[in-house]
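**Q** Structure for this input, please:
(2 chains)
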Amino acid sequence: MMYKLTIASLISNIIIALLPFYWWYYGTGNLIEVADSPFMLNIIFIGSQLEIIQIVNLFLLAFRFYVIVVSGIYIYYVIRGQKKTYGLIFWTSYLYILDPIVFYIIFNYLFPLIGYGFHYPFFIIGKEKVDFTYQNTLISTIVYSYPSLAYWISLAAGTIYLASRIFKR
Amino acid sequence: MDIAKVIGVIVFISIIIIEIFVLNVNEMLTQGIYQLTSLPNALKNLYFKFYYYKGDLILCANNQNNFSITIYNISGKYTYIKYPQTVLPHTMKNITIVVTNWNKFIKSYENNSYNLTTKLGFLGLNVTSYSVI
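**A** Coordinates of the predicted model:
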């Protein structure tokens, strides 16, 4: 069978889109906790889950089916001999590293522009102490950011796609 | 855009329509917005009232939040508290402030020039606040 890697990549797309798990967790613990993935989002503020996020999740759920349908139809094409690739899981899983970087830029560079002196260290995975000053007050807390097992599985699926493009199989 | 993506978009829209029929999206929206608007009230202030009682300076801390607040220290050049105190949710607590030099403290206070540093902790945050009383 031709294009084994491509078929494997498309099948793993479907598996990843079916996994009901979050990819990454951020937060300070008590004040705010965020768990997200390209297909699901949850924000808890002072112990209460934010309801409005459920509206976002309606779209993300429909997006899951979009990914499954496109991958499924592409599998049909590949089995018939025409190579079709779908790199969405590759792009989202590899670019998830950008999220902590975006937070770093927003907190460290943008917030100071509106008067909050943030000191947000650069980190992608782990726990770091974050300080910010506003007028006469200094607030410091510990922020955590770490991926879940599902993220690593998605990264593996994305790598299968990368391999299917590099080796053209 | 190829046929697979077109079909994908049709499925996407269909799922959204099904969700709108099956779930009460209106209620989700109103609940969600209501929750957002009531959030600022979730962080109510901690109210401080100072009393002079039997030669002691007493701080009455009134915590009207849903979470505990720990007062690590309220210090200044002539004042401090002996040990950190935790004020439970929706409770008030009287805390004795030790004054090392009453004369100098009163003079500064009457001049509105007494520097006070308040260190609090709540919800995993450590807050240090500088004020002049």
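**Q** element containing residue A:66, please.
**A** Here residue A:66 sits within helix A:53-79, counting by DSSP states H and E.
**Q** avg pLDDT for that helix?
**A** Taken as a whole, helix A:53-79 carries a mean pLDDT of 95.
**Q** Let me see the residues that make contact with the helix or strand harbouring residue B:109.
**A** Residue B:109 belongs to helix B:102-110 when assigned by DSSP H and E. If you take CB atoms under 8 Å, 6 or more residues apart in numbering or on different chains as the criterion, helix B:102-110 is touched by B:76-79, B:99, B:114, B:133. Every residue, glycine included, has its C-beta placed from N, CA and C.
**Q** Not counting its neighbours along the chain, what's nearest residue A:147?
**A** Among residues not flanking residue A:147 along the chain, residue A:24 sits closest, at 5.2 Å (CB to CB, 6 or more residues apart in numbering or on different chains).
**Q** so the one you found touches residue A:150, yeah?
**A** No: with contacts defined as CB atoms under 8 Å, residue A:24 does not count as touching residue A:150, sitting 9.4 Å away.
**Q** which one of those two has more residues nearby?
**A** Remark: of residue A:24 and residue A:150, residue A:24 carries more neighbours, 20 against 17, as counted by other CB atoms under 10 Å in any protein chain shown.
**Q** how about that one, phi and psi?
**A** Per-residue torsions, residue A:24: phi -140, psi 140 (degrees, to the nearest 10).
**Q** Give me the distance between the residue of chain A found nearest chain B and residue A:61.
**A** Closest residue of chain A to chain B, CB to the nearest CB: residue A:52 (3.1 Å). Residue A:52 sits 16 Å away from residue A:61, going by CB to CB, to the nearest Å.
**Q** now the nearest residue to residue A:25 once chain neighbours are set aside, what's its secondary structure?
**A** Leaving aside its sequence neighbours, residue A:25 sits nearest to residue A:35 (CB to CB, 6+ apart; 5.1 Å). Per DSSP: H, G, I helix; E, B strand; the rest coil, the secondary structure class of residue A:35 is strand.
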